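Asks: Below are the sequence and a predicted model; questions follow.
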Amino acid sequence: MVIEQPTVSRKTPLDGRLEISESTAAQLAPLGDTFAVRTAHGSGEARLHAMTCTCAKSERTGPHVHHFVESDVLRALEPGSRVRIELDGARPGSLAIL
């Protein structure tokens, strides 16, 4: 089941974080503190990460939260590419980012 189709940030190869929407973070929360993740480049463990942001947008709208899937295997994703985030039907309780 496809949950979201984000574009990979230029920062993802540096920090291993793929930004996701708040609704996607809520859908993935039941996977637990850590969960399996699979990409075209490999598989590993991932976790959800949230951080309060003070970017330029916050000057207009106030502080807000950014949500991420964080894993070292995400460092291999190509910046600017569009990926599909889906629950991995072959491995219940895990995530596929392809």
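Replies: Arrived safely, thanks for sending.
Asks: which one is residue 24 nearest to, not counting chain neighbours?
Replies: Spatially, and ignoring its direct neighbours in sequence, residue 24 is nearest to residue 4 (4.6 Å; Cβ to Cβ, 6 or more residues apart in numbering). Just so you know, the C-beta spots here come from the backbone N, C-alpha and C atoms, and that holds for glycine as well.
Asks: Backbone dihedrals for the one you found, both of them.
Replies: Main-chain dihedrals, residue 4, degrees, to the nearest 10: phi -160, psi 160.
Asks: most centrally placed residue in this protein?
Replies: residue 69 (2.9 Å; Cα atoms, centre = their mean).
Asks: So which elements touch the helix or strand containing it?
Replies: Assigned by DSSP states H and E, residue 69 belongs to strand 64-70. Judged by 3 or more Cβ pairs under 8 Å, 6 or more residues apart in numbering; DSSP states H and E, the packing partners of strand 64-70 are strand 17-20, helix 22-28, strand 42-53.
Asks: so which of the ones you listed comes closest to residue 81?
Replies: Residue 81 lies closest to strand 17-20 among those, at 10.9 Å (Cβ to Cβ).
Asks: what's the straight distance from one end of stretch 29-48 to the other?
Replies: Start-to-end span of stretch 29-48 (Cα to Cα, to the nearest Å) is 7 Å.
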